[in-house]
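>>> Fold the following, please.
(one chain, ligands or ions: 2)
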Amino acid sequence: MPEETALMERLHALIRYLYRPRLADKIVAAFAEALAEKPTESERLAILAHWLDYYQAKRYHKQMRRRRASDLERMTVCTGCGYPVSQRHHLLDIATHGENPVTVHLCANCHELHHLMYNALVRDSLYSQKLIRHILASGQIKAVTIRQIYHWLRAILLYEIDNGWVEPYKLSDLWIEEKLGLLEYLARTEAV
Ligand SMILES: [Zn+2]
Ligand SMILES: [Zn+2]
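Ligands and ions are numbered 1, 2, ... in the order given. All right, here's what the predicted structure looks like:
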């Protein structure tokens with residue numbers, strides 16, 4: 001993807017995170033107009049870089065202001081393992097998609113596990129792959145919990161693949177097995 005397009009997409013995502021849809025549309029349109037008047041790519045890149053900095057700082061302050069979850073929200077059981085206190089995990093990450101209601105309640109451990117699995121598969125993170133294998137090998141986490149978290153991971157990856165955000169091979173059996181040894185684990189625990 002050309003740099004200008006990539007910067008533009010990041011800028012739009014930030015604007016949509018920060019503002020309500022109608023206002024965000026107006027700001028995005030204003031940028032398109034302003035950029036169209038700049039004939040050279042370097043001018044446009046400089047403008048994009050400047051405003052990315054600006055909106056990133058704004059996002060940081062907004063996140064610092066995010067209200068603390070209510071005690072009732074926190075006392076929702078973890079849908080992965082049943083632990084009585086949980087956090088809201090955004091299946092569609094906020095940085096890319098803005099605040100959105102697609103969330104599940106996960107305890108701190110299941111929450112981390114979900115992020116590790118995602119990073120292991122999508123970002124091909126060696127660090128995450130190593131930790132996942134360690135977790136699976138420990139035998140400390142119930143197979144039903146691993147299955148549940150994997151179930152959401154698959155659902156969200158299918159959605160992201162459908163939208164062209166993630167390469168399809170990252171959900172192939174071969175990839176999942178190579179990165180996580182997860183299918184072997186699931187087959188083994190199925191029998192138990
Ligand atoms: Zn849990
Ligand atoms: Zn999360």
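
>>> any idea how far residue 110 is from the closest residue to residue 85 other than its chain neighbours?
Using C-beta to C-beta, 6 or more residues apart in numbering and skipping residues adjacent in sequence, the residue nearest residue 85 is residue 74, 5.5 Å away. Any C-beta I mention is one placed from the backbone N, CA and C, and that applies to glycine too. Distance from residue 74 to residue 110, counting by C-beta to C-beta, to the nearest Å: 14 Å.

>>> which ones are touching residue 105?
76, 77, 78, 79, 86, 87, 88, 89 (C-beta atoms under 8 Å, 6 or more residues apart in numbering).

>>> hang on, the last one in a strand?
Yes. With the criterion set as DSSP: H, G, I helix; E, B strand; the rest coil, the secondary structure at residue 89 is a strand.

>>> partners of it in the sheet?
With DSSP bridges as the criterion, residue 89 is bridged to residue 104.

>>> and this protein, what are its domains?
Structural domains assigned to the chain are 3-65, 71-191, following automatic domain parsing.

>>> Which helix in this protein has the most residues?
If you go by DSSP state H, the chain has its longest helix at helix 41-65.

>>> Flag every buried residue along the next helix or strand after that one.
Remark: after helix 41-65, the chain's next helix or strand is helix 71-74, criterion DSSP states H and E. Buried residues in helix 71-74, counting neighbours by 16 or more other C-beta atoms under 10 Å, are absent.

>>> What lies in contact with helix 71-74?
Helix 71-74 has contacts (C-beta under 8 Å, 6+ apart) with 85, 86, 87, 88.

>>> Neighbour-wise, which one of those leads?
Using other C-beta atoms under 10 Å as the neighbour test, those are led by residue 86, with 24 neighbours.

>>> Tell me who's in contact with that residue.
Residues near residue 86 by C-beta under 8 Å, 6+ apart: 74, 76, 77, 78, 79, 105, 106, 107, 111.

>>> and if you look at residue 186?
143, 146, 147, 150.

>>> Look at the third one and report its pLDDT.
Model confidence at residue 147, given as pLDDT, is 94.
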